[in-house]
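How does the following fold in three dimensions:
(one chain, ligands or ions: 1)
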Amino acid sequence: MSGPVVLVHRDQDLLAAAAAARLLTRIADAQAARGTASVVLTGGGAGTAVLAAVAASPARDAVDWARVEVWWGDERFRPAGDPERNETGARAALLDHVPVDPARVHVMPGPDGPDGDDPDAAAERYAAELRAAAGTGGAVPEFDVLMLGIGPDAHVASLFPGMPGLRDERPAVAVRDSPKPPPTRISLTFPSLRAAREVWVLAAGASKAEAVRFALAEGTDVARAPAAGARGRDRTLFLLDTAAAAELPG
Ligand SMILES: O=C(O)[C@H](O)[C@@H](O)[C@H](O)[C@H](O)COP(=O)(O)O
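So this is what the prediction gives:
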(Lines give C-alpha, C1' and ligand atoms only; values in the text may rest on other atoms or scores of the structure.)
Protein backbone atom coordinates (compact mmCIF):
# COMPACT_ATOMS: atom_id res chain seq x y z
CA MET A 1 0.00 0.00 0.00
CA SER A 2 1.49 3.37 -1.03
CA GLY A 3 1.91 6.21 1.45
CA PRO A 4 -0.48 9.08 2.08
CA VAL A 5 -1.19 11.55 -0.72
CA VAL A 6 -1.00 15.18 0.43
CA LEU A 7 -3.17 17.84 -1.20
CA VAL A 8 -2.73 21.44 -0.07
CA HIS A 9 -5.38 24.12 -0.55
CA ARG A 10 -5.05 27.90 -0.40
CA ASP A 11 -7.36 28.22 2.61
CA GLN A 12 -9.88 26.29 4.70
CA ASP A 13 -12.86 27.34 2.59
CA LEU A 14 -11.27 25.93 -0.55
CA LEU A 15 -10.24 22.81 1.41
CA ALA A 16 -13.86 22.25 2.46
CA ALA A 17 -15.22 22.87 -1.04
CA ALA A 18 -12.66 20.59 -2.68
CA ALA A 19 -13.17 17.81 -0.13
CA ALA A 20 -16.93 18.12 -0.59
CA ALA A 21 -16.59 17.73 -4.36
CA ARG A 22 -14.31 14.75 -3.83
CA LEU A 23 -16.78 13.16 -1.39
CA LEU A 24 -19.71 13.57 -3.77
CA THR A 25 -17.70 11.95 -6.56
CA ARG A 26 -16.62 9.03 -4.36
CA ILE A 27 -20.21 8.43 -3.24
CA ALA A 28 -21.48 8.55 -6.84
CA ASP A 29 -18.73 6.17 -7.99
CA ALA A 30 -19.44 3.74 -5.14
CA GLN A 31 -23.15 3.75 -5.92
CA ALA A 32 -22.47 3.14 -9.60
CA ALA A 33 -20.22 0.22 -8.70
CA ARG A 34 -22.06 -1.35 -5.76
CA GLY A 35 -25.47 0.30 -5.48
CA THR A 36 -24.73 1.93 -2.13
CA ALA A 37 -21.99 4.01 -0.51
CA SER A 38 -20.71 3.89 3.06
CA VAL A 39 -19.16 7.00 4.61
CA VAL A 40 -17.81 7.68 8.08
CA LEU A 41 -18.18 11.23 9.35
CA THR A 42 -15.99 13.07 11.82
CA GLY A 43 -16.74 15.80 14.30
CA GLY A 44 -14.70 18.96 14.58
CA GLY A 45 -14.57 22.15 12.56
CA ALA A 46 -12.85 20.84 9.45
CA GLY A 47 -15.07 17.78 9.14
CA THR A 48 -18.26 19.74 9.70
CA ALA A 49 -17.19 22.39 7.17
CA VAL A 50 -16.94 19.65 4.53
CA LEU A 51 -20.52 18.56 5.27
CA ALA A 52 -21.76 22.14 4.99
CA ALA A 53 -19.94 22.47 1.66
CA VAL A 54 -21.62 19.27 0.44
CA ALA A 55 -25.02 20.71 1.39
CA ALA A 56 -24.21 23.91 -0.52
CA SER A 57 -22.88 22.10 -3.59
CA PRO A 58 -24.81 22.26 -6.89
CA ALA A 59 -23.71 18.62 -7.33
CA ARG A 60 -25.31 17.59 -4.02
CA ASP A 61 -28.13 15.73 -5.68
CA ALA A 62 -25.90 13.80 -8.05
CA VAL A 63 -25.95 11.06 -5.41
CA ASP A 64 -28.86 8.98 -4.19
CA TRP A 65 -28.87 9.98 -0.52
CA ALA A 66 -31.34 7.21 0.30
CA ARG A 67 -28.58 4.71 -0.52
CA VAL A 68 -25.82 6.24 1.60
CA GLU A 69 -24.83 4.45 4.82
CA VAL A 70 -23.72 7.07 7.34
CA TRP A 71 -21.46 6.13 10.26
CA TRP A 72 -19.39 8.11 12.75
CA GLY A 73 -15.72 7.74 13.64
CA ASP A 74 -16.40 9.02 17.12
CA GLU A 75 -19.08 10.64 19.21
CA ARG A 76 -19.30 12.54 22.41
CA PHE A 77 -21.29 10.52 24.98
CA ARG A 78 -24.07 13.07 25.29
CA PRO A 79 -27.84 12.73 24.81
CA ALA A 80 -29.52 13.09 21.43
CA GLY A 81 -29.76 16.70 20.34
CA ASP A 82 -26.97 17.84 22.64
CA PRO A 83 -25.01 20.60 20.83
CA GLU A 84 -21.76 18.84 21.76
CA ARG A 85 -22.66 15.68 19.84
CA ASN A 86 -20.95 15.27 16.45
CA GLU A 87 -24.29 13.96 15.19
CA THR A 88 -25.96 17.27 16.05
CA GLY A 89 -23.43 19.20 13.98
CA ALA A 90 -23.66 16.75 11.08
CA ARG A 91 -27.45 16.96 10.97
CA ALA A 92 -27.39 20.76 11.02
CA ALA A 93 -24.67 20.93 8.36
CA LEU A 94 -25.94 18.26 5.95
CA LEU A 95 -28.12 15.36 7.08
CA ASP A 96 -31.22 17.47 7.73
CA HIS A 97 -30.92 18.92 4.21
CA VAL A 98 -30.70 15.75 2.11
CA PRO A 99 -33.10 12.76 1.89
CA VAL A 100 -31.03 10.20 3.77
CA ASP A 101 -32.78 7.01 4.89
CA PRO A 102 -33.00 7.27 8.71
CA ALA A 103 -32.43 3.51 8.92
CA ARG A 104 -29.06 4.02 7.23
CA VAL A 105 -27.90 6.80 9.58
CA HIS A 106 -26.05 4.86 12.27
CA VAL A 107 -25.60 7.13 15.26
CA MET A 108 -23.44 6.19 18.23
CA PRO A 109 -25.75 5.90 21.29
CA GLY A 110 -25.60 8.40 24.10
CA PRO A 111 -26.55 8.11 27.79
CA ASP A 112 -30.21 8.42 26.77
CA GLY A 113 -29.81 5.33 24.57
CA PRO A 114 -30.87 1.71 25.27
CA ASP A 115 -27.85 1.09 27.54
CA GLY A 116 -28.27 4.20 29.66
CA ASP A 117 -25.19 5.84 31.15
CA ASP A 118 -22.85 2.97 30.16
CA PRO A 119 -20.45 3.98 27.39
CA ASP A 120 -18.87 0.53 27.28
CA ALA A 121 -22.24 -1.07 26.54
CA ALA A 122 -22.99 1.67 24.01
CA ALA A 123 -19.68 0.97 22.25
CA GLU A 124 -20.45 -2.75 22.18
CA ARG A 125 -23.87 -2.00 20.71
CA TYR A 126 -22.26 0.08 17.96
CA ALA A 127 -19.74 -2.69 17.29
CA ALA A 128 -22.67 -5.11 16.87
CA GLU A 129 -24.32 -2.70 14.41
CA LEU A 130 -21.07 -2.48 12.46
CA ARG A 131 -20.74 -6.27 12.43
CA ALA A 132 -24.34 -6.69 11.22
CA ALA A 133 -23.66 -4.29 8.35
CA ALA A 134 -20.40 -6.02 7.47
CA GLY A 135 -22.20 -9.15 6.35
CA THR A 136 -19.72 -12.00 6.03
CA GLY A 137 -16.87 -9.59 5.42
CA GLY A 138 -15.69 -9.12 8.98
CA ALA A 139 -16.17 -6.82 11.95
CA VAL A 140 -17.03 -3.65 10.05
CA PRO A 141 -18.27 -2.69 6.59
CA GLU A 142 -15.80 -1.76 3.87
CA PHE A 143 -16.33 1.97 4.26
CA ASP A 144 -15.82 3.83 0.98
CA VAL A 145 -14.59 7.00 2.69
CA LEU A 146 -13.67 7.50 6.33
CA MET A 147 -13.07 11.16 7.19
CA LEU A 148 -11.02 12.26 10.19
CA GLY A 149 -10.13 15.58 11.72
CA ILE A 150 -6.81 15.84 13.56
CA GLY A 151 -6.03 17.48 16.86
CA PRO A 152 -2.93 19.56 17.70
CA ASP A 153 -1.80 16.45 19.63
CA ALA A 154 -2.30 14.38 16.45
CA HIS A 155 -5.37 12.55 17.82
CA VAL A 156 -7.90 11.28 15.29
CA ALA A 157 -11.48 10.31 16.11
CA SER A 158 -11.25 9.96 19.90
CA LEU A 159 -7.96 8.08 19.81
CA PHE A 160 -5.67 10.27 21.91
CA PRO A 161 -1.93 9.86 22.48
CA GLY A 162 -1.07 7.31 25.15
CA MET A 163 -4.65 6.20 25.79
CA PRO A 164 -5.76 2.54 25.96
CA GLY A 165 -8.07 2.71 22.94
CA LEU A 166 -5.01 2.91 20.67
CA ARG A 167 -4.22 -0.75 21.28
CA ASP A 168 -7.78 -2.04 21.48
CA GLU A 169 -8.69 -4.56 18.79
CA ARG A 170 -12.44 -4.26 19.31
CA PRO A 171 -14.26 -2.29 16.54
CA ALA A 172 -15.46 0.46 18.88
CA VAL A 173 -14.58 1.45 22.43
CA ALA A 174 -15.59 3.81 25.20
CA VAL A 175 -13.12 6.63 25.88
CA ARG A 176 -12.93 8.25 29.32
CA ASP A 177 -10.96 11.27 30.53
CA SER A 178 -10.53 12.56 26.99
CA PRO A 179 -8.09 15.49 27.02
CA LYS A 180 -10.47 17.20 24.60
CA PRO A 181 -13.82 17.90 26.29
CA PRO A 182 -16.26 16.39 26.81
CA PRO A 183 -14.42 13.65 28.66
CA THR A 184 -16.54 10.61 27.76
CA ARG A 185 -16.77 9.44 24.17
CA ILE A 186 -17.17 6.46 21.89
CA SER A 187 -14.60 5.90 19.16
CA LEU A 188 -13.82 3.53 16.36
CA THR A 189 -10.44 1.88 16.82
CA PHE A 190 -7.58 1.47 14.38
CA PRO A 191 -8.80 -1.89 13.00
CA SER A 192 -12.07 -0.16 12.05
CA LEU A 193 -10.37 2.94 10.63
CA ARG A 194 -8.06 0.78 8.54
CA ALA A 195 -10.98 -1.22 7.10
CA ALA A 196 -11.92 1.83 5.03
CA ARG A 197 -11.06 1.85 1.36
CA GLU A 198 -10.02 5.48 1.71
CA VAL A 199 -9.08 7.43 4.83
CA TRP A 200 -9.07 11.22 4.51
CA VAL A 201 -7.41 13.32 7.20
CA LEU A 202 -8.69 16.89 7.10
CA ALA A 203 -6.61 19.66 8.67
CA ALA A 204 -6.85 23.42 8.55
CA GLY A 205 -4.95 26.04 10.52
CA ALA A 206 -1.46 26.55 11.91
CA SER A 207 -2.32 24.72 15.14
CA LYS A 208 -2.33 21.45 13.16
CA ALA A 209 0.97 21.90 11.32
CA GLU A 210 3.14 20.03 13.83
CA ALA A 211 0.61 17.19 14.17
CA VAL A 212 0.43 16.86 10.39
CA ARG A 213 4.23 16.75 10.16
CA PHE A 214 4.37 13.98 12.78
CA ALA A 215 1.51 12.08 11.16
CA LEU A 216 3.31 11.99 7.81
CA ALA A 217 6.86 11.43 9.06
CA GLU A 218 8.48 8.01 8.58
CA GLY A 219 8.59 5.92 11.75
CA THR A 220 6.38 8.13 13.91
CA ASP A 221 5.20 6.24 16.99
CA VAL A 222 1.42 5.88 16.67
CA ALA A 223 1.13 5.94 20.46
CA ARG A 224 2.54 9.47 20.36
CA ALA A 225 0.77 10.59 17.17
CA PRO A 226 -2.32 8.45 16.48
CA ALA A 227 -2.87 10.16 13.11
CA ALA A 228 0.25 8.32 11.93
CA GLY A 229 -1.84 5.15 12.11
CA ALA A 230 -4.75 6.54 10.09
CA ARG A 231 -4.33 4.68 6.83
CA GLY A 232 -6.87 3.37 4.32
CA ARG A 233 -6.75 0.01 2.55
CA ASP A 234 -6.58 1.52 -0.91
CA ARG A 235 -5.64 5.16 -0.34
CA THR A 236 -4.92 7.72 2.35
CA LEU A 237 -5.36 11.43 1.68
CA PHE A 238 -4.20 14.32 3.81
CA LEU A 239 -6.39 17.24 2.74
CA LEU A 240 -4.79 20.38 4.14
CA ASP A 241 -4.81 24.12 3.92
CA THR A 242 -1.50 25.94 3.53
CA ALA A 243 -1.31 26.74 7.25
CA ALA A 244 -1.67 23.10 8.28
CA ALA A 245 0.91 22.09 5.65
CA ALA A 246 3.43 24.74 6.72
CA GLU A 247 5.81 22.34 8.52
CA LEU A 248 5.99 19.75 5.77
CA PRO A 249 9.30 19.40 3.97
CA GLY A 250 9.66 20.64 0.38
O1 LIG B 1 -15.18 14.53 18.43
C2 LIG B 1 -14.24 15.23 18.05
O3 LIG B 1 -13.81 16.19 18.68
C4 LIG B 1 -13.62 14.97 16.71
O5 LIG B 1 -13.98 13.83 16.12
C6 LIG B 1 -12.13 15.16 16.77
O7 LIG B 1 -11.39 14.03 16.39
C8 LIG B 1 -11.85 16.30 15.82
O9 LIG B 1 -12.05 15.86 14.48
C10 LIG B 1 -10.46 16.84 15.99
O11 LIG B 1 -10.29 17.19 17.36
C12 LIG B 1 -10.25 18.07 15.11
O13 LIG B 1 -11.21 19.03 15.45
P14 LIG B 1 -11.16 20.48 14.74
O15 LIG B 1 -11.24 20.21 13.24
O16 LIG B 1 -12.34 21.22 15.27
O17 LIG B 1 -9.84 21.10 15.13
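
contacting residues around Arg22?
Listed by CB atoms under 8 Å, 6 or more residues apart in numbering, the contact set of Arg22 reads 200, 239. C-betas here are computed from N, CA, C, even on glycine.

who touches Asp144 in this structure?
26-27, 30, 37-39, 196-198.

From Arg91, how far off is Leu51?
Going from Leu51 to Arg91 by CB to CB, to the nearest Å gives 9 Å.

Make JSON lines from the contacts of Asp144 and add distance to Leu130, pLDDT and secondary structure to it.
Formatted as JSON lines, these follow (distance: CB to CB, whole Å; pLDDT from 0 to 100; DSSP: H, G, I helix; E, B strand; the rest coil):
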{"residue": "Arg26", "distance to Leu130": "20", "pLDDT": "98", "secondary structure": "helix"}
{"residue": "Ile27", "distance to Leu130": "19", "pLDDT": "98", "secondary structure": "helix"}
{"residue": "Ala30", "distance to Leu130": "18", "pLDDT": "98", "secondary structure": "helix"}
{"residue": "Ala37", "distance to Leu130": "16", "pLDDT": "98", "secondary structure": "strand"}
{"residue": "Ser38", "distance to Leu130": "10", "pLDDT": "98", "secondary structure": "strand"}
{"residue": "Val39", "distance to Leu130": "14", "pLDDT": "98", "secondary structure": "strand"}
{"residue": "Ala196", "distance to Leu130": "12", "pLDDT": "98", "secondary structure": "coil"}
{"residue": "Arg197", "distance to Leu130": "15", "pLDDT": "98", "secondary structure": "coil"}
{"residue": "Glu198", "distance to Leu130": "18", "pLDDT": "98", "secondary structure": "strand"}
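
Of these, which pair is most distant in space?
Ile27 and Ala196 (13.6 Å; CB to CB).

who touches both of the two?
144-145.

higher neighbour count, these two?
Ala196 (30 against 23; other CB atoms under 10 Å).
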